[in-house]
Structure formats: C-alpha cells, structure tokens
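Student: Test case, fold it:
(one chain, ligands or ions: 1)
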Amino acid sequence: MPDSDSKQNLDIKQNMILAGKVLVAEGQDDFTRGHISFRVPGASGLFYMKPHSVGLDEITLDNILTIDMDGKVVAGTAKRHSEVFIHSEIYKARADVHCVLHTHPTYAVALSSSGRPLRCYSQPSALFYEDVGVYTDTINLIRSAEMGAGVARALGPHRAVLLKNHGVVVTGASIAETVIGAIMLENAAQVQMIVEAAGDPAPEFPRADIEKLKHDISRPEQFAINYDYLVRRVKRREAGT
Ligand SMILES: [Zn+2]
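Tutor: Coordinates of the predicted model:
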C-alpha cells in the first residue's frame, strides 16, 4: 500500500475489496474474469483497478493497481487486465462516471445474444429504461484503446452497455450505484428471458409510469441502502454469524 494514500483513497480501496466480495456473493463472478475500477479523486487522471489472475473476491490493498488514462500501470506490481481500456476510455468520455464494472452475468449475456432490447418487465429493469447501450463490434476481449473507445461510444450517455455475446459494463457515480446497478441489470435480464421464453408477453406499462419508478429507484440513497445491506451480509458470512 503506497504511503501516500490519503484516508479518502484508502476508503475507496477498502470499498473496492468489499464490492468484489458482494459481486461474487451475488453470482457476478466468472472464474477470475470481471473487473472493477474507481477514479482516483481529484484531477489526477488515474484510476484504481482490480488486477488480473485473482477473483473479484480476492482484491487486496496490496494488489490494487493504479492506472493512467493510457492504460499504463503507474503503481502496483500485479498483472493488469488486458481489458483495461474499457475503463480508461469510459473515464475519458464520461466525467460523471467514477466507477466502472465489467462482468459476464449469465442472463445479461443471454439477452445480449438475443439481439432484443431490454424491456421493462420488472421493477429493476426500470432503472435501465432507455438507458442501455449495445456493443456489437466483437465477441473478443477489449484489448486496445480503439476497442475501448468503441465500448464508450456504445455506452453513450447511458448507465450500462451490453457487450453482445460477452458481458456487461455498468457505470456509476459511486461503487454502491455501480454494483447495485449490475445486480439489478442481471435481474432484469433474467426476468425478461423467462418472460420471453414463456412467450406472448403483455404490454409494458406506459412510459410515464415507468419513468416515475426509474426516478424513484435512481436516487443515490437507494443504492447506498441496498449496497450497505449486501456488505453487512458478506461480513456476517465471513464472521460465520
Ligand atoms: Zn469480459
């Protein structure tokens, strides 16, 4: 851990460690794949990121990398994910984004493969109502700045982007918003896949009704309440209580 870490930066890293454990507990893991990052506060042009070769629940203060907007590691000795450019290019494109998360959740991958748009068939799906991009350039890893810029373009102004036949990228202003967003996106995709598999879905509710719910569930305190609960649950499980 660099001696220069301020209390604020240390808190961010501790929260990234907890976020990784929450994500695994919620089924967002895929071996050691998937990564989370957070923009270093201030105008540093840097972000913290989970390293390669460990699970999301194996992030530590010692293995978190500090990376610049060219994708170069400036602090830390662990191996960097080749898909770092998803993060760097989104941070360059979106000043409002402070956290970027990439995972391979089953139902969201299935939905992305169907080519169908995300529908508002459940309350969690309202969070993403007209707020999901789709990236269709490749099934392969996002291993260059150009490809990362393509993901950032597909994300556009939205909260999340489906990478076709691959996974999701979810963004947010906080770790809580981003992690809860990813869990809600997967739930939305799961319900939609069930509804569409059953066939003949009833019409969605009117736009104004969906937008009201979207507004209500988009409030930062809602993300914090739900995230804090999942953190408490992970800690209870670790303590065996
Ligand atoms: Zn991936």
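
Student: Let me see the confidence value for the residue most central in space within the chain.
Tutor: By Cα atoms, centre = their mean, the chain has its centre lying nearest to L101, at 2.8 Å. Looking at L101, its pLDDT is 98.

Student: List the contacts of it.
Tutor: L23, G34, H35, I36, S37, V169, V170, T171, T178, V179, G181, A182 (Cβ atoms under 8 Å, 6 or more residues apart in numbering). Glycine gets a C-beta too; all of them are placed from N, C-alpha and C.

Student: Can you report how many residues neighbour P41?
Tutor: P41 has 12 neighbouring residues, counting by other Cβ atoms under 10 Å.

Student: so how far does stretch 51-69 reach from one end to the other?
Tutor: 16 Å (Cα to Cα, to the nearest Å).

Student: Now do the buried residues in that stretch.
Tutor: 51-52, 55-57, 59, 63-69 (16 or more other Cβ atoms under 10 Å).

Student: Stretch 186-199 too?
Tutor: So for stretch 186-199, counting by 16+ other Cβ under 10 Å, buried means E186, N187, A188, A189, Q190, V191, Q192, M193.

Student: what's the answer for stretch 155-164, then?
Tutor: By 16+ other Cβ under 10 Å, the buried positions in stretch 155-164 come out as L155, H158, R159, A160, V161, L162, L163, K164.

Student: which helices and strands does the strand or helix carrying the fifth one pack with?
Tutor: V161 is located in strand 160-163, with elements delineated by DSSP states H and E. Counting contacts by 3 or more Cβ pairs under 8 Å, 6 or more residues apart in numbering; DSSP states H and E, the secondary-structure elements packed against strand 160-163 are helix 106-114, strand 132-135, helix 145-155, strand 167-172, helix 175-198.

Student: can you list contacts of the first one?
Tutor: With contacts defined as Cβ under 8 Å, 6+ apart, helix 106-114 is touched by 27, 118, 134, 162-168, 185-186, 189-190, 192-193, 196.

Student: ok, which pair from the buried residues of stretch 155-164 is furthest apart?
Tutor: Spatial extent of those (Cβ to Cβ) is set by the pair R159 and K164 at 17.7 Å.

Student: What are the buried residues along the helix or strand hosting V22?
Tutor: Assigned by DSSP H and E, V22 belongs to helix 7-25. By neighbour count on 16+ other Cβ under 10 Å, the buried set for helix 7-25 is 9, 12-13, 15-25.
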